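Asks: Give me coordinates for this.
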Amino acid sequence: MRRWESSATLSLLSLAFAGSVAAQAPSLSLSGASGAPGATVTLAVSLNLGTGTAPSSVQWDLDYSTSDLSLASGTYDATGAAASEAGKSVHCNSIAAGDVRCIISGINTTGIGNGVVATVRFQIHPGTTDTSTPVSMVSAAASNGSANPLSIADSGATVTIDQPAAAGLSSLDCVPASVTPPASSTCTVTLNGIASSSKTVSLASGALAATVPASVIITAGLSNAAFTVSTTAVSASTPAEITATLGSGSADFSLTLTPTSACTYSLSAAAASVGSSAGNGSLNVVASAGCPWTVSNPSNFITITAGGSGTGNGTVSYSLAANSGDSRTGTLTIASRTFTVTQAGQTSAGLAFYPLTPCRIADTRVGSGFSGAFGAPYLSGGATRSFSMPASSCSVPDTARGYSLNFGAIPHGPLQYLTTWAAGLPLPQVATLGSPNGDAVSNAALVPAGTSGAISAYASDDTDLIIDINGYFAPPGSAHDMALYAITPCRVADTRTGSGFSGAFGAPSLSADIARTLPLPASACSLPATAAAYSLNIGVVPYAALEYLTSWPAGLQLPVVGTLGSPEGLQVSNAAIVRAGSAGAISLYASAETDVIVDSNGYFAAPGSANALYFYSLTPCRIADTRSNSGSGLTGAFGPPSLTAGATREFPLRSSSCGIPASAKAYSLNIGVVTPGPLQYLTVWPAGRSMPTVGTLSAPGVGIVSDAAIVPAGANGGINIFVSDATDVIIDIDGYFAP
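Replies: As a prediction, the model looks like this:
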């Protein structure tokens, strides 16, 4: 660490210290503190005069580990009562990594009394695994009112880090609970919390006729995982004790195996077809006396309301959520018999896009000005909350079947993931955004309308949520309806010096608090003057902390919305559909100076021309996950291994299990990366074409980053992904565009 003994005044102090020191000279001491990773703690510096002379000025250094602590943002040099009462003030400055220097000065003739003279605030690093860390006080010095040096002692303290307890096993459940071999049962092992890292749960079976895998992995950020129990024939009813073990904890489930000849089953119907509205239905189970049965329901829109299990004859009742999308099919398995439900959809044809002036739907922060369903309180971790878009103040009509939204999260700590989907449907196994470090993040998404036109949001951890809207999807044929015209991804603007762009599309950077207009039809990306809105990816390279950047139609007033933000001053990007303004231009406004990069993958214009595409929503679905320990079950072209630095990988999306038809010409995706280190950039483009000079996202370091993207389909419906550095990639889909 660098020290301050080199100054002339302090050289005199060093000479003074060479002589004798009073037995009870003044001393400085540092209080300890405790907190969890990510918390901010306050350490107090106290003066004890002993029997010595009261000093008029005091100076010291604090040394700390930068892997455990960092100076908290904002004021970290608050003056304590003992100093302020003597007319003093304290000033602290970071002079080197892990070294902060504080000086108390003021009215020189006044001595400082006993007590707290200053407080310094530190943030405990969110990712630290340590349980304590020292803060050393060194090189203390003092002088009296005549600027004569005084002897003074110093002592440090310890910050205790309260590491959260690891999640343990909570339960083990298998459905169905009774099977007739060779039928199988699906078991789910559940933790009593969210896994902070991947957990390997050991499995065992107490019966030879029931076979389980050796283990199952619960992925970090999740609380459960499923596995299959396969069975072989038994001659008599046989209990099979299934055991799951994690560390010193275990959970059991008794699965019953019944012989084939013991029971007979049949259903009163094999299938049912219903309309798109919410409704109810039932069917009868015919079984031999004393024979048990259980309903297995893997469908995400069918809810069992009665008769989930029974013995002998019985009735199974179910309800259906309203279907605002395409027709869908689900199945119920009852005693190895299958019952199929087909529900009609409300969108047999694609949906057109209708732009809106950017508008804030909801803001859960206290004091935001929003109330009721659209305001405080924040989203509690593990809870679901719904937002009815037509009930907001943003003029969203009841005819809307989907929304173009931007979500901003301000977490109260680490946020593993936030998911958004159509209200009334079960929570899908996808994610809209995440912030493991607890930073404010944003991401765009196209979300289908659910029950009462609402969307649902689920957060794994406590967070405030901001929702902005820039348009909606509804049946075509009304005034101002628009279709998508996809283009090969193309760079519109880059304000960085030396980027090769000039004029309105090049340098200089955006100045703070000054709007800038981009005449997109005049760019080199073949965006026509008839375009009414643009599908863009906007990236920033800030010069300082960037609270927010807003994009909106040129010629209109700056709206109270945000496209993206970077509180840490790091390079980030986000997708946006931006309505065309005067002369087809858009405006950009930044709260701090920043370079801006704008890419486009298409535009929205009046239908009727060649290649016009409409939106078809899908139940949110995970297409690909290259992590080896994710537990997703994805393999081949959609699973491991990770992408290596400089590699390009093709993902044949139409061959995935997400039900994407051959007619799809573009996809509405959410691309996520889980990086072991900095990722300079990731680019997505249609398979079979040359890699364009655009970027979809970047990541500043270890963590998770997500970005929405509308990507044209390439050869055989595939897309390509290039990564500049090694990373895992996750791809989710919420819909597609087709004629």
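Asks: mind listing the strands for the stretch 51-200 of the chain?
Replies: 57-64, 69-71, 78-79, 88-96, 99-106, 115-124, 132-143, 149-150, 153-155, 157-161, 169-175, 178-179, 185-191, 199-205 (DSSP state E, counting those that start in this stretch).
Asks: Between those strands, which one is closest to V234.
Replies: Evaluated over the strands of the stretch 51-200 of the chain, closeness to V234 peaks at strand 178-179, with 10.1 Å, by Cβ to Cβ. C-betas here are computed from N, CA, C, even on glycine.
Asks: Pull the residues that contact the closest one.
Replies: 185, 231, 255-258, 292-294, 336 (Cβ atoms under 8 Å, 6 or more residues apart in numbering).
Asks: Same list, these, but as a markdown table with pLDDT, neighbour count and secondary structure please.
Replies: Formatted as a markdown table, the contacts of strand 178-179 follow (pLDDT from 0 to 100; neighbours: other Cβ atoms under 10 Å; DSSP: H, G, I helix; E, B strand; the rest coil):
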| residue | pLDDT | neighbour count | secondary structure |
| --- | --- | --- | --- |
| S185 | 94 | 25 | strand |
| T231 | 92 | 22 | strand |
| L255 | 94 | 24 | strand |
| T256 | 93 | 19 | strand |
| L257 | 90 | 23 | strand |
| T258 | 84 | 20 | coil |
| P292 | 84 | 17 | strand |
| W293 | 87 | 25 | strand |
| T294 | 88 | 18 | strand |
| S336 | 77 | 14 | coil |
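Asks: can I get the strands of the stretch 51-200 of the chain in JSON lines with distance to S600?
Replies: Shown next, in JSON lines, are those (distance: least, Cβ to Cβ, whole Å):
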{"stretch": "strand 57-64", "distance to S600": "47"}
{"stretch": "strand 69-71", "distance to S600": "39"}
{"stretch": "strand 78-79", "distance to S600": "49"}
{"stretch": "strand 88-96", "distance to S600": "42"}
{"stretch": "strand 99-106", "distance to S600": "46"}
{"stretch": "strand 115-124", "distance to S600": "39"}
{"stretch": "strand 132-143", "distance to S600": "48"}
{"stretch": "strand 149-150", "distance to S600": "67"}
{"stretch": "strand 153-155", "distance to S600": "60"}
{"stretch": "strand 157-161", "distance to S600": "47"}
{"stretch": "strand 169-175", "distance to S600": "48"}
{"stretch": "strand 178-179", "distance to S600": "54"}
{"stretch": "strand 185-191", "distance to S600": "44"}
{"stretch": "strand 199-205", "distance to S600": "43"}
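Asks: Need the pLDDT of T75.
Replies: Note on T75: pLDDT of 53.
Asks: So P641, which state does it fall into?
Replies: For P641, the assignment made with DSSP: H, G, I helix; E, B strand; the rest coil gives coil.
Asks: neighbours of it, just the number please.
Replies: 10 (other Cβ atoms under 10 Å).
Asks: what's around S132, how many residues?
Replies: So S132, with other Cβ under 10 Å, has 12 neighbours.
Asks: That one bridge partners, please.
Replies: Assessed by DSSP bridges, S132 has beta-bridge partners T160.
Asks: Over to the one 10 residues further on?
Replies: On the basis of DSSP bridges, A142 is bridged to V58, L150.
Asks: list the contacts for it?
Replies: A142 touches 26, 55, 57-59, 149-152, counting by Cβ under 8 Å, 6+ apart.
Asks: didn't C525 look like it was pressed against V492?
Replies: Yes. If you go by Cβ atoms under 8 Å, C525 and V492 touch, sitting 5.3 Å apart.
Asks: Which neighbours do those two have in common?
Replies: Common contact partners of C525 and V492 (Cβ under 8 Å, 6+ apart): S600.
Asks: ok, now how distant is the nearest residue to G703 once chain neighbours are set aside from S642?
Replies: Nearest non-adjacent residue to G703, counting by Cβ to Cβ, 6 or more residues apart in numbering: P436, 5.4 Å away. Note on P436: its distance to S642, by Cβ to Cβ, to the nearest Å, is 18 Å.
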